[in-house]
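# Need coordinates for the below:
(2 chains)
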Amino acid sequence: AQSVTQLGSHVSVSEGALVLLRCNYSSSVPPYLFWYVQYPNQGLQLLLKYTSAATLVKGINGFEAEFKKSETSFHLTKPSAHMRDAAEYFCAVRHRDSNTGKLIFGQGTTLQVKP
Amino acid sequence: DVKVTQSSRYLVKRTGEKVFLECVQDMDHENMFWYRQDPGLGLRLIYFSYDVKMKEKGDIPEGYSVSREKKERFSLILESASTNQTSMYLCASSLGSDGRSNQPQHFGDGTRLSIL
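Residues are numbered from 1 along each chain as shown, chains lettered A, B, ... in the order given. Down below sits the predicted model:
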């Protein structure tokens, strides 16, 4: 069965530091990949998605993610953290043969940004 | 922009009540989903629907049912609410696909439900 693992349930960085949130998937065929962000008391907002056109995907709010097939990873990065980036981040995958649009979500990573 | 609207942001109900959570999307999406979100457990799929009057169980359907009479509306029903159903409930929708596209899900703001 396909699964997705986010390493680290909590990540803490200083404002201005690099943000790295890890996501690994388990699938013999690379799935479709997504990153979502959830601010307190809100729903999930799409940050970016992997389209297979390019391995480096740019998203909103300065985030980007790199697809590495050899490592079955899709880690999320941002060069310089802002206080407003403090939120929970979810990696999600969808099997390419799925016709229902179901996503499998990771457990989430809470990003704390310290002043 | 896609708009997914959940009828209530906060709801308080009593044990044993029948509870309805409503979700409406305005983008003519075929697929709709209901999740619950609990600390440490992430998002868990309760039910989803890929067409009007069609529904499929997700990972945790026990104690819930759904209704999709119109394409834009997907209702989650707690038949007899219990305290362990206190949670954040999230609705989402997405375009239908043949499996060859990477359509994302679009989420509502959630309903925080407390069962007393």
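# Can you classify A:Asn61 as helix, strand or coil?
For A:Asn61, the secondary structure call by DSSP: H, G, I helix; E, B strand; the rest coil comes out as helix.
# Quick one: name the residues of chain A near chain B.
Within chain A, the positions near chain B by CB under 8 Å from any CB of the partner chain are A:9, A:32, A:34, A:36, A:41-46, A:49-52, A:90, A:92, A:94, A:96-103, A:105-108. Every residue, glycine included, has its C-beta placed from N, CA and C.
# please redo it, this time with the cut-off set to 10 Å
Taking CB under 10 Å from any CB of the partner chain, the part of chain A that reaches chain B is made up of A:4, A:6, A:9, A:31-36, A:38, A:41-52, A:88, A:90, A:92, A:94-108.
# Could you turn the buried ones of these into a ChimeraX selection?
Written as a ChimeraX command, the selection of buried residues from the residues of chain A next to chain B, which uses 16 or more other CB atoms under 10 Å in any protein chain shown, is:
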select /A:4,6,31,32,33,34,35,36,38,42,43,44,46,47,48,49,50,88,90,92,94,95,98,100,101,102,103,104,105,106,107,108
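# Okay, now the unreliable bits of chain A?
Residue ranges of chain A with pLDDT under 70: A:1-2, A:97-99.
# And for chain B?
B:2, B:97-101.
# element containing the residue sitting nearest the centre point of it, please.
Taking CA atoms, centre = their mean, the centroid of chain B lies closest to B:Trp34, which sits 2.3 Å from it. When secondary structure is defined using DSSP states H and E, the element that contains B:Trp34 is strand B:31-38.
# is that strand up against chain A anywhere?
Yes. Strand B:31-38 reaches chain A (CB under 10 Å from any CB) through B:Asn31, B:Met32, B:Phe33, B:Tyr35, B:Gln37.
# if I look at the nearest residue to the first one once chain neighbours are set aside, how far off is A:Val113?
Okay, so that is B:Asn31. In space, B:Asn31 comes closest to A:Gly101 once its chain neighbours are excluded; the distance is 4.1 Å by CB to CB, 6 or more residues apart in numbering or on different chains. Taking CB to CB, to the nearest Å as the criterion, A:Gly101 is separated from A:Val113 by 32 Å.
# same deal with B:Glu62?
39 Å.
# what ranges do the strands span in chain A?
Taking DSSP state E, the strands of chain A run over residues A:3-5, A:10-14, A:19-21, A:24-26, A:32-38, A:44-49, A:56-58, A:64-68, A:73-78, A:87-94, A:104-105, A:109-114.
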